[in-house]
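Peer 1: please work out how this folds:
(chains A and B)
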Amino acid sequence: MSGETPVLRLAHITKRYGGVVALRDVEFSVLPGEVHGLVGENGSGKSTLVKIATGVVQPEEGEIFIEGQKISRLTPYLAFKRGIHVVHQDLSLFPNLSVAENIFAHEYIERHRSFVAWKDMERRALEVLGRLGVELDPQEIVGRLSFADQQLVAICRAIASSAKLVILDEPTSSLTFREVQRLFGFIRELKAQGIAFVFISHRLDEVLEISDVVTVLRDGVKVGTFPKGELTKAKLSFLMTGKEITAESLVTDLPEAREILRVEHLTRRGEYADVSFTLHQGEILGLIGPRGSGRTEVALTIFGLRPPDSGKIFLEGKEVVFRSNRDAIRHGIGYVPENRLLQGLVLDQPVADNIAVTILNELVSRSGFLHPARKIAVAERAIRDFGIKAPAADAPVRSLSGGNQQKVVLSRWILTAPKILILDTPTHGVDVAAKESIYEMALGLARDRGIGILFISDEEHEVLKVCHRILVMREGRIVREYRPSEVTEEALRQEIVG
Amino acid sequence: MALLGRIARSTEVYLVGVLLVLSVVLFLLNPKFATLENIFDVLRNNSFLGIVALGELVVLISGGIDVSFTAIATVAQYVMGVLITRYAIESVFLAFLIPIPIGIALGAFNAFLVNRTRVHPVIITISNLNVFYGLLMVISKGKWIYGFPAPFRDFARLKVLTLVSEKGVDYGLSIFTVVWFLVAVVTWLMLRYLPIGRKVYALGGNSEAARRAGFDIFRIQLFVYCYIGFLSGLAGFVHAELNQMIQPNAIVGRELDVLAAAILGGASVFGGAGSPLGVVLGVLFIAFIKNGLILMKASAYWHQVIMGFIIVLAATLSAYQQNLERKRRKGV
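Peer 2: Below you'll find the model as predicted:
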């Protein structure tokens, strides 16, 4: 350890939940002005570590030091007072209040002022925003800002209450490439002012880009803390999972296959223009582009939800016009939405119900009632076929891990025996191992069942790995088509940013 | 510029416009509508509604809801009526002091249950509406109270501004209208400039964030339910003054009018939004419509039909507006 006193030091931390050990003898410290990457798969103990660092839970064993001083019992309030702040993934902002008020809302609990001094608050908000060089109107209502701007407000809030360490929990998962670069700019600016960061992310590229050192957790044990120079992405994945994860393409060559979907000159004003491509049986076609590039909108059009202004859609050579997604489903098109938690699942309902929901009509007995035994049978087969790790068919979906929840959504669409499956960023927010199993599932569906898959993604390495062909979309248009062998990850990234 | 934009898209501006149009229509249908005498009358008769609607606003902003306030107002005014008639309390001020603590106590009871049981406040307060009102009916046997002491009667005729009509009848701005507007101003100041008022907005905007920011959620809930309890007690007093009679069944059943006024005025059932000015305008809107119907001699049943329509319309509009807002935000 160098001469500098760490802002935060966790020493020999052990935490159990019931009989399960969440963290075992973990050592973790962050120096002032350091960006400290924290990686690990879901369940590796990252969130427990954050909760201990912020006083939300107490460790069974171990000691906590803030700026060298031992804290015998850390509470959330004390952590806050001592300058340890978290920017949660959901940001914890008040969408109905102004930028200035969000930055200073914590002052309402201190009773040194009996009236709200608006002018003063707005002036101080401008100061804080100015420190980061952020141009935002302090009077603007936070709910009207983009997610990236809201995130900056959350960071400003931490700075305003003199944070010394800001823990960023998955800060980039909803940002575009440019927004990520902007965020990194702000992090570097604050780092230069001596503020330390803990950067938690599943996106290993970004962890390597921004961090000075990276701590890897696996199954509640610290694998190690490594200077950035010693790490590569492959090494980091290996340290996290204990498994070699290849970056090589998993795709096998596609024999001359039948065309199942063709779109010609699809245009929808303000969303995308002149989009043409074909999809073959058993093919995985990557569609990659930043958020807002029109990729999801094109997918929704093919799924019958957003009628195009002009252009045509052909299924197996015949032109079709969908008036709703029911038409699309009837024609054998399945769509797995981007945010499985918001749009796909009823979390408190059993796995079986969530799986069987797309084929309820087929499970109705002659008396007109649902056949519970048949429903369970269908679900159990799906759980087996797709390797869903669920305690039982009647366990609530909430009890499953993120990757397995995603599999539930996938399996329900596969039950409808689709010819075409649209996967909208299916690995968004899931950990490395779960990503791998989703890739395998997609590959299996294409190979064994001949399903044509439109695979929407914003991760270059992913489309290079699982797709037969890759379409790059930018500002509503398809700008390039590649075969994975023709392009490197870096070149693909350049093409996407434009 | 940004400020102008914010003003232009506020609910209050729309409401003022709607009110103006409505007034012109009512005036054309019956010129009597636009006389000062009629307007003062409407303002006086709706002061009860106006006061409790401001309390409901505060609860709605916090993300809660209270439908028991009619029962609270009734219990509070009934206890007052019993005491001032039995003990011949001559002081109006003393009479006024009776319903207030009753309202606050019953509000605190609501807050306690809402916080501890974590059952949705709509369920808690519907139950308490029945408990409060039912107990009152059991104890009072539904008996009416009238024949109040003379000062109590005279107070009802108090005006801040007195004019004389062509027929030689006095009319003017009633003291109760002034009380209503005063409550609106106090509520506005409280919501805008006191930390507790800001916490009410914060809680309604994002309760999880409020918890994480270290706000004492129970204290905020206690405050909002006691505030509507306090205003219900005050409104119970006003109601008794206006009618010079206390019937246990006169107020209960008007919950929807109040909710409609608050939602029309820009409060959201999802919390976090609404302003006292908007609610005053919302109450005026409902008051004008009712007054117009009376002037047109429409049957009382039509009132219900129209009120129902207005609520559906207001709720639809507010949902539509939120939808637009969400879409706009996505587009950013």
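
Peer 1: C-alpha from now on. contacts and neighbour counts both.
Peer 2: Fine.

Peer 1: excluding chain neighbours, give the residue nearest to the residue positioned nearest the centre of chain B in space.
Peer 2: Nearest to the geometric centre of chain B sits B:Ala53, at 1.8 Å (CA atoms, centre = their mean). Of all residues beyond its chain neighbours, the one nearest B:Ala53 is B:Val258 (5.2 Å), with distances taken as CA to CA, 6 or more residues apart in numbering or on different chains.

Peer 1: which ones are touching the one you found?
Peer 2: Contacts for B:Val258 (CA atoms under 8 Å, 6 or more residues apart in numbering or on different chains) come out as B:49-50, B:52-53, B:56, B:283.

Peer 1: what packs against whichever strand or helix holds A:Ile383?
Peer 2: In the assignment (DSSP states H and E), A:Ile383 maps to helix A:372-385. When contacts are defined as 3 or more CA pairs under 8 Å, 6 or more residues apart in numbering or on different chains; DSSP states H and E, helix A:372-385 sits against helix A:351-356.

Peer 1: what about chain A, any weak spots by pLDDT?
Peer 2: Along chain A, the model assigns pLDDT under 70 to residues A:1-3, A:111-113, A:244-247, A:255, A:339-344, A:402.

Peer 1: so which bits of it are right by chain B?
Peer 2: Residues of chain A lying close to chain B (CA under 8 Å from any CA of the partner chain) are A:77, A:92-97, A:105-106, A:108-109, A:114-117, A:143-146.

Peer 1: ramachandran angles for the residue of the stretch 251-400 of chain A found nearest chain B?
Peer 2: Residue of the stretch 251-400 of chain A nearest chain B, by CA to the nearest CA: A:Gly292 (8.4 Å). In this entry, A:Gly292 is assigned phi and psi values of phi 80, psi 0 (degrees, to the nearest 10).

Peer 1: burial count for the nearest residue to it once chain neighbours are set aside?
Peer 2: Once flanking residues are discounted, A:Gly292 sits nearest to A:Glu475: 7.3 Å by CA to CA, 6+ apart. A:Glu475: 19 surrounding residues under other CA atoms under 10 Å in any protein chain shown.

Peer 1: just A:His88 next, same as before
Peer 2: 16.

Peer 1: what about the closest residue to A:Ala192 other than its chain neighbours, distance to B:Leu36?
Peer 2: Computed as CA to CA, 6+ apart, the closest residue to A:Ala192 that is not its neighbour in sequence is A:Gly33, at 6.5 Å. As judged by CA to CA, to the nearest Å, A:Gly33 and B:Leu36 stand 69 Å apart.

Peer 1: neighbouring contacts of the strand or helix carrying A:Gly130?
Peer 2: If you go by DSSP H and E, A:Gly130 is part of helix A:118-132. For helix A:118-132, contacts defined as CA under 8 Å, 6+ apart pick out A:99-101, A:103-104, A:135-136, A:138-139, A:156, A:159-160, A:186, A:189-190.

Peer 1: again, only this time at 10 Å
Peer 2: Contacts to helix A:118-132, defined as CA atoms under 10 Å, 6 or more residues apart in numbering or on different chains, come from residues A:98-105, A:133-139, A:152-153, A:155-157, A:159-160, A:185-190, A:193, B:192-193.

Peer 1: please pick the buried ones from those residues.
Peer 2: The neighbour count (16 or more other CA atoms under 10 Å in any protein chain shown) marks A:98-105, A:136-139, A:152-153, A:155-157, A:159-160, A:186-188, A:190, B:192-193 as buried among those.

Peer 1: narrow the residues you listed to those in helices?
Peer 2: Using DSSP state H, A:99-104, A:152-153, A:155-157, A:159-160, A:186-188, A:190, B:192-193 are the members of those that sit in helices.

Peer 1: for the residue of the stretch 201-332 of chain B found nearest chain A, what is the enclosing helix or strand?
Peer 2: Among the residues of the stretch 201-332 of chain B, B:Ala209 lies closest to chain A, at 4.5 Å counting by CA to the nearest CA. Per DSSP H and E: B:Ala209 is located in helix B:207-212.

Peer 1: buried residues, that helix. List them.
Peer 2: With burial defined by 16+ other CA under 10 Å, the residues of helix B:207-212 counted as buried are B:207, B:209-210.

Peer 1: one step back: what's the closest residue to the residue of the stretch 201-332 of chain B closest to chain A other than its chain neighbours in contact with, if anything?
Peer 2: Counting by CA to CA, 6+ apart, the nearest residue to B:Ala209 once its immediate chain neighbours are dropped is A:Ser92, at 4.5 Å. By CA under 10 Å, 6+ apart, the residues touching A:Ser92 are A:86, A:102, A:150-151, A:154, B:206-213.

Peer 1: can you give me the buried ones in the longest helix belonging to chain A?
Peer 2: Looking across chain A with DSSP H, the single longest helix is helix A:432-449. By neighbour count with 16+ other CA under 10 Å, helix A:432-449 contains the buried residues A:432-443, A:445-447.

Peer 1: got a list of contacts for the helix holding B:Ala209?
Peer 2: A:76-77, A:88, A:90-94, A:105-106, B:62-63, B:199-204, B:213, B:215-217, B:271-272.

Peer 1: for the stretch 1-150 of chain B, give me the ranges with low pLDDT.
Peer 2: In the predicted model, the stretch 1-150 of chain B carries pLDDT under 70 at residues B:1-10.

Peer 1: contacting residues around B:Arg254?
Peer 2: Neighbouring residues of B:Arg254 by CA under 10 Å, 6+ apart: B:49, B:67, B:69-70.

Peer 1: which of these has the most neighbours?
Peer 2: Within the contacts of B:Arg254, neighbour counts (other CA under 10 Å) peak at B:Phe69, which reaches 35 neighbours.

Peer 1: from memory that one sits against B:Glu56, does it?
Peer 2: Yes. The pair B:Phe69 and B:Glu56 passes the contact test of CA atoms under 10 Å, sitting 8.4 Å apart.

Peer 1: tell me how many other residues crowd the residue lying closest to A:Leu23 once chain neighbours are set aside.
Peer 2: Among residues not flanking A:Leu23 along the chain, A:Gly220 sits closest, at 4.1 Å (CA to CA, 6+ apart). Around A:Gly220 there are 24 other residues, counting by other CA under 10 Å.

Peer 1: again with A:Val26
Peer 2: 21.

Peer 1: B:Ala315 now?
Peer 2: Count around B:Ala315 with other CA under 10 Å applied: 18.

Peer 1: what does the domain assignment say about chain A?
Peer 2: What automatic domain parsing lists as the domains of chain A is A:8-241, A:259-497.

Peer 1: B:Leu295 is nearest to which of those domains?
Peer 2: Closest approach to B:Leu295 among the domains of chain A (CA to CA): domain A:8-241, 40.7 Å.

Peer 1: the closest one: end-to-end distance?
Peer 2: Domain A:8-241 has an end-to-end distance of 27 Å (CA to CA).

Peer 1: all strands for the stretch 51-200 of chain A, in order.
Peer 2: Using DSSP state E, counting those that start in this stretch, the strands found in the stretch 51-200 of chain A span residues A:61-66, A:69-71, A:84-87, A:165-169, A:196-200.

Peer 1: please convert those strands to JSON lines, extending it with mean neighbour count.
Peer 2: Listed next are the strands of the stretch 51-200 of chain A as JSON lines, based on neighbours: other CA atoms under 10 Å in any protein chain shown:
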{"stretch": "strand A:61-66", "mean neighbour count": "19"}
{"stretch": "strand A:69-71", "mean neighbour count": "14"}
{"stretch": "strand A:84-87", "mean neighbour count": "24"}
{"stretch": "strand A:165-169", "mean neighbour count": "24"}
{"stretch": "strand A:196-200", "mean neighbour count": "25"}
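
Peer 1: closest to B:Asn130 out of those strands?
Peer 2: B:Asn130 sits nearest to strand A:84-87 of all those, at 44.6 Å, using CA to CA.

Peer 1: what sits up against the closest one?
Peer 2: Residues outside strand A:84-87 that contact it (CA under 10 Å, 6+ apart): A:7-8, A:50-51, A:53-55, A:66, A:76-80, A:92-93, A:151-152, A:154-155, A:157-159, A:161-171, A:196-198.

Peer 1: pull up the pairing partners for it, direction included.
Peer 2: strand A:165-169 (parallel) (DSSP bridges).

Peer 1: alright, calling it a day.
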